[in-house]
Structures are given as C-alpha cells and as structure tokens.
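Asker: Have a look at this prediction, sequence included:
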Amino acid sequence: MEFSIEQTWDSLPVGHAPVKILFSPGEGGLTMSVDAPFFNDPAAPPGPPGQPFPGLWDYEVVESFFLNSTEEKYLEVEVCPHGQHLILLLNGKHNAFMQQLPLSFSGAVTGDRWRGEALLPWRYFPPGVDKMNSYAIHGSGAGRRFEALYPVPREDLHEGQGPDFHRLEYFQPFRLQGIMGEGWVQPESDLWEAASK
C-alpha cells in the first residue's frame, strides 16, 4: 500500500517530487519504506545512525501516525535520511507516555534522493487502528516546509495558524487488514495493555 505526500500541511501543492511511503507485511510487524527527495537541510542530527534521537522532528524527517480514533491512542513513527529514528506512543492528543523505543531502521542517501526502511513491531501499535496520516518536513528557518498526506483543508484555516501534526480530526481511514489480509487479526500489545491500566 503506497502513499504520496503531494501537499503542504495547509493544502498547497509541494514544489518537488513527492515523498513516497510504502507499507507492506514484515516479520512480526509492518514494514515502512520511504523513497524521498534529499534536501540535506537542516544538517544531520548529532546522534548515531540506527539510534533514537529526541526532537528528531526538528530535522529532515518523514513521519507516519497510526490512530485508534475512538480512544485517541496512536503510534508516531519518525525516520530521517541519516539513519536516526524516533518512536512515540501517545494516549490522547500530544500525550506521549513512551518514546525513544528501539527500531530496526536503515536510511541511505544516493545523490538527491534517500531511501529508508523500518520494521514497526506490532506491540507498538495501539489496538483498533482505524486511521492514519503521514508527514514530511525539511528546510531551515523561514524555508522550513511542512507537508501532509492529509492536510488541513483551506476552508478550515484561520489567521496565524501553524502546522500541528496532531490534528487527529484530519486523519483518514486506514485498515491494517488492507495490507496484511482480510483474515489477519492485530496482535495484542503489552505496551498498550500497561498504558490502559
């Protein structure tokens, strides 16, 4: 299942080839593959590749969110071209109760493009995922760009509004069974069971 990020967070067309995200079955989880333009702006995060990096959203990054819209529980996955990553589990909007979880992720830059692949373990997903959204960020200062698969519609914008990737009301329907097969049942998660106690 492939998605292309073709709009900014506020529903304008992006001015470059779109970021592409592919979800496919993985061993014990969901494989997330990224194929994106490489802007090299800002510079790489000052952390080792393959490790979690807090505040990764301040760098060049691609993000996907997986939401249980009834309970507002969601998984946020962030990956960057230089190999760092960040996982957040959120119970309620902006309410991260667990972050910097380990992730099998590799990223590689070739010329003006980068590719990355991550295996998202099922235990990271909240039960009953039914919506998702994905984002891409790059640039520095006034040139910072925020792009969204499902952006805020133009008619919903108001003066002074900035990008907020946690606008859950704009997420769109998403079924893991559409990737894994109709008979597939999402495994239970010890991480989310602990969060609900």
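Answerer: Okay, I see it. Residues are numbered from 1 along each chain as shown.

Asker: give me the element the residue most central in space within the chain is part of.
Answerer: Central residue of the chain (C-alpha atoms, centre = their mean): Ser64, 1.7 Å from the mean position. Element membership of Ser64, judged by DSSP states H and E, is strand 61-68.

Asker: What strands flank that strand, and is each parallel or antiparallel?
Answerer: Applying DSSP bridges to the sheet, strand 61-68 is found paired with strand 73-79 (antiparallel), strand 131-138 (antiparallel).

Asker: Run the chain-centre distance for the next helix or strand after the longest one.
Answerer: The helix or strand immediately downstream of strand 131-138 is strand 145-148, counting by DSSP H and E. Its chain's C-alpha centre and that of strand 145-148 lie 12 Å apart, by C-alpha atoms, centre = their mean, to the nearest Å.

Asker: same check, this time on stretch 162-181
Answerer: The mean C-alpha position of stretch 162-181 is separated from the chain mean by 10 Å, C-alpha atoms, centre = their mean.

Asker: Quick one: mean pLDDT for that stretch?
Answerer: Taken as a whole, stretch 162-181 has an average pLDDT of 94.

Asker: What is the end-to-end distance of that stretch?
Answerer: End-to-end distance of stretch 162-181 (C-alpha to C-alpha, to the nearest Å): 38 Å.

Asker: Contacts made by the helix or strand bottoming out on mean pLDDT in the chain with the rest, please.
Answerer: Ranked by mean pLDDT, DSSP states H and E, the helix or strand of the chain with the weakest confidence is helix 190-195, at a mean of 88. Under the criterion C-beta atoms under 8 Å, 6 or more residues apart in numbering, residues 73, 89, 91, 97-98, 123-127 lie in contact with helix 190-195. All C-beta spots, glycine's among them, are computed from the backbone N, C-alpha and C.
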